[in-house]
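> the sequence and its predicted three-dimensional model are supplied below.
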Amino acid sequence: MPNTLFSPLTLGPNTFSNRIAIAPMAQYSAVDGAAGDWHLMHWGSLVTGGAGLVVIEATGVEANGRPTLGDVGIYNDMTESALRQVISAVRGFGAAKLGIQLIHGGRKGSTRVHWDGGGELLPSEGGWQTMAPSAIPYRDGWQVPREMDIADIERVKKAFVDAALRSSRVGFDVIELQAAHGYLLHQFLSPISNKRTDRYGGPLENRMRFALEVFDAVSKSCPASVTLGVRLTGSDWIDGGITTEEAIIFAARLKDLGCHYVDVSSGALDPQRQKISVGRDYQVGFAEAVKHGAGIPVRAVGLITSPTQANDIIVSEKADQIAIARAALVNPRWVWQAAQQMGQKIEYPKPYDRAAPGVWPGWGYDY
Ligand SMILES: Cc1cc2nc3c(=O)[nH]c(=O)nc-3n(C[C@H](O)[C@H](O)[C@H](O)COP(=O)(O)O)c2cc1C
């Protein structure tokens, strides 16, 4: 029997009730890095929606590792305790396991929240000096990041470990490192943003070193009950950038270090030079190549919108898990409808079980 969208999936120490994950989605609604009421409402609605896994948003490992001042952080006792309060409240209201994505923004830090116009955050607005593997700005005209020295590299590595320990104390089942979308770990991996001449720059082996050291340090510190993953880039979509072949090598090295899965995304390293052709399944080919090339479980993501499309990806073994992001904002009950369409019975939260198919005749009507 082939796997389907609704077969259970085991990744490392955890088993997920189905193959559907909710991808991390920054909400820019934290205050001083602390999750609050918006997150309670938002994560609560996703956790009750039936996905096997909900990965909460990119969460800063340092205050200056947050891309914007509105991002959630997990870098001190206050931010850890705020996150614990919200996660404890939503946990248990659905079958979903809970994941956290850990991030350092590097040169993509100190930016304004998009609904305030986006762009660079000025010092007068609380902006800060960013840092990166090399002193190359994210866009023309943006602040030039400071080139990280070895002390910075060691400090950030420790910040990832401390954040992972705090995350496991909060009770997350899954910890995922953000090594895609042009953030700090990706900046080290890509020859476009990394022009270093020391052991952290140059050939792929050197460019991978920082991300692999961070993963290894996190993996050695986390309890065995935590599933560990990495979101990586399947392509920079730029000549001379990361290729899928390099992504496969990186994923294989992560696997050797005990990584339980990778999520394969792409782009967002260099908005001025990337040439992305966006469309349905546009990143699934990268996921498939990494799955079969590196022999590691993968999650596919990006414009996966319909249950049949998602199921095909699993049945044809292009990926082990799929993630939806925007479709879950449009319809937080996407999974219920997918189950109905595919004739699958799933658990509803008890207070909602009178709306289940077979219980509520209205399931067959337009609404
Ligand atoms: C509101 C919003 C916030 C996002 N925040 C994050 C984030 O915190 N971390 C991340 O890796 N990707 C983030 N993404 C990207 C999504 O995880 C996902 O990869 C992307 O939206 C493609 O999936 P989709 O077509 O199903 O929306 C965000 C996307 C949206 C729409």
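Done, it's in. Since the model is a prediction, treat every value here as computed from it, not as a measurement.

> quickly find the element holding the residue lying closest to Ile153 once chain neighbours are set aside.
Leaving aside its chain neighbours, Ile153 sits nearest to Phe210 (6.3 Å; criterion: C-beta to C-beta, 6 or more residues apart in numbering). Backbone N, C-alpha and C define where each C-beta goes, glycine included. Taking DSSP states H and E as the criterion, Phe210 maps to helix 204-221.

> helix or strand for Val335, which one?
Element membership for Val335 (DSSP H and E) is helix 334-341.

> how about Gly99?
strand 97-103.

> which bits of the stretch 101-250 of the chain sit near the ligand?
101, 178, 181, 231 (C-beta under 6 Å from any ligand atom).

> pull the longest helix from this structure.
Counting by DSSP state H, the longest helix found in the chain is helix 150-170.

> ok, Thr4 - how many residues close by?
Other residues lying near Thr4 total 15 when counted by other C-beta atoms under 10 Å.

> same check, this time on Lys345
Other residues close to Lys345 by other C-beta under 10 Å number 11.

> which helix or strand contains it?
Applying DSSP H and E, one finds Lys345 in no helix or strand.

> distance check, Asp162 against Val284.
35 Å (C-beta to C-beta, to the nearest Å).

> can you give me the helices for this protein?
Using DSSP H, helices in the chain cover 37-47, 77-90, 150-170, 184-189, 204-221, 244-256, 284-294, 307-315, 326-330, 334-341.

> relative to Pro8, which of the ones you listed is closest?
Of all these, helix 307-315 sits nearest to Pro8, with 11.9 Å by C-beta to C-beta.

> and that closest one, does that touch the ligand?
No: against the ligand, helix 307-315 shows no contacts by C-beta under 6 Å from any ligand atom, the least distance being 10.2 Å.

> what packs against that helix?
Applying 3 or more C-beta pairs under 8 Å, 6 or more residues apart in numbering; DSSP states H and E, one finds that helix 307-315 contacts strand 321-324, helix 334-341.

> report the helix or strand with the lowest average pLDDT across this protein.
Across the helices and strands of the chain, mean confidence by mean pLDDT, DSSP states H and E is lowest for helix 334-341: a mean of 95.

> if we can go back for a sec, so which of Asp162 and Val284 has more stuff around it?
Val284 (24 against 18).

> and that one, what does it touch?
Residues counted as contacts of Val284 (C-beta atoms under 8 Å, 6 or more residues apart in numbering) are 300, 302, 304, 313, 318-319.

> show me what contacts the residue nearest to it when sequence neighbours are not counted?
Leaving aside its sequence neighbours, Val284 sits nearest to Ala300 (C-beta to C-beta, 6+ apart; 4.8 Å). For Ala300, the contacting residues are 264, 281, 283-284, 287-288, 313, 318-319, 321-323, by C-beta under 8 Å, 6+ apart.

> quick check: Lys255 vs Gly36, distance?
To Gly36, Lys255 is 37 Å away according to C-beta to C-beta.

> same check on Ala164?
23 Å.

> do the same with Pro145
Distance from Pro145 to Gly36, by C-beta to C-beta: 30 Å.

> check Pro297 too.
34 Å.

> which one's more surrounded, these two?
Pro297 (20 against 15).

> check whether the more buried one really touches Tyr261, as I assumed.
Yes: if you go by C-beta atoms under 8 Å, Pro297 and Tyr261 touch, sitting 4.3 Å apart.

> shared neighbours of the two, anything?
Counting by C-beta under 8 Å, 6+ apart, the residues touching both Pro297 and Tyr261 are 11, 320-321.

> Val113: which of those is nearest?
Gln321 (29.8 Å).

> OK, contacts around the closest one?
9, 11, 16, 19-21, 52-53, 261, 297-300, 314 are the contacts of Gln321 under C-beta under 8 Å, 6+ apart.

> what about 6 Å?
Neighbour list for Gln321: 9, 19, 21, 299 [criterion: C-beta atoms under 6 Å, 6 or more residues apart in numbering].

> can you tell me which of those residues are in strands?
Among the contacts of Gln321, the members found in strands (DSSP state E) are 9, 21, 299.
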